[in-house]
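Engineer: Prediction below, plus the sequence it came from.
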Amino acid sequence: MNTSPFAVLFDMDGVLIDSNPYHKIALQQFCRKHGYDLSEDELRTRIYGRTNKDWITNLFGDISSDLLSRYADEKEALFREIYKNDIRPLKGLIDFLDLLEANRIPKAIATSAPRANVDFTLHHTGIGKYFSTILDESFVSRGKPDPEIYIKTAAALGYPSEKCIVMEDSLSGIASGMGAGSKVVALATTHLPEELSHAGLVIHDFSELNLGSLQRLMS
């Protein structure tokens, strides 16, 4: 039985960890190797927040599933190698997770990333103990901005998505959370705060959140 009036759903990249600068380096290296030199605007509008399937086909067109899989594995392995010595939880995250634990507020991870990156993140940050419910790219057929990931993650916790607060950083992720009917807290790690003003609340990191701010958002 759910005793909390709401649950909290976390995107991973740019939310649990400030990983997008490292994804950017990996993407630029990968794309240059394969003949593409992407601008910052192209990265933000065509790639950030999307599944590998979405952005790779967006970039390379209709390619075989085998080649798509190899491209995705190549890019993600490059990302993990670049980031492994610098990865750490976003500022204030551990205290915020402890706050949710103390108040018995359910939480889950809902990410467009592959499971290998989820495991990499949990291992290197030590936050795996906080999450028993995790949905990655393999759980959905439609990537963000489609709301599928947040609707399914809410259901996995036993909540309607309208009773969830989504923690997001990307424009496609915010659209996904809002499309699910959830309240969205936008973290200004990937975009400027003014670009995120359509979200329910905009913060720089988790040190700016407390129980009262969550309750006000849901009221």
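Structural biologist: Nice, thanks for sending it over.
Engineer: Now residue 105: phi and psi?
Structural biologist: With angles defined as degrees, to the nearest 10, residue 105 sits at phi -90, psi 120.
Engineer: residues contacting it?
Structural biologist: The neighbours of residue 105, taking Cβ atoms under 8 Å, 6 or more residues apart in numbering as the test, are 4, 6, 7, 8, 214. The way it works is simple: take the backbone N, C-alpha and C, and place the C-beta from them, glycine included.
Engineer: which of those residues lies closest to residue 113?
Structural biologist: residue 8 (18.2 Å; Cβ to Cβ).
Engineer: Does the closest one belong to a helix, a strand or coil?
Structural biologist: strand (DSSP: H, G, I helix; E, B strand; the rest coil).
Engineer: re the thing from before, now for the contacts of residue 105, which sits with the most neighbours around it?
Structural biologist: Within those, most neighbours by other Cβ atoms under 10 Å means residue 7, with 25 neighbours.
Engineer: what about the closest residue to it other than its chain neighbours, how many neighbours?
Structural biologist: Spatially, and ignoring its direct neighbours in sequence, residue 7 is nearest to residue 106 (4.1 Å; Cβ to Cβ, 6 or more residues apart in numbering). Close neighbours of residue 106, defined as other Cβ under 10 Å, add up to 20.
Engineer: Which residues belonging to stretch 52-59 are considered buried?
Structural biologist: Within stretch 52-59, the residues that count as buried by 16 or more other Cβ atoms under 10 Å are 52, 53, 54, 55, 56, 59.
Engineer: Please, where are all the helices along this structure?
Structural biologist: Secondary structure of the chain (DSSP state H): helices at 20-33, 40-46, 52-60, 65-83, 93-102, 115-125, 148-157, 171-179, 211-218.
Engineer: which of the ones you listed has the lowest average pLDDT?
Structural biologist: If you rank these by mean pLDDT, helix 40-46 sits at the bottom with a mean of 79.
Engineer: Centre of the chain to that one, how far?
Structural biologist: Centroid displacement of helix 40-46 relative to its chain, using Cα atoms, centre = their mean, to the nearest Å, is 17 Å.
Engineer: Before I go, just wanted to say thanks for your time.
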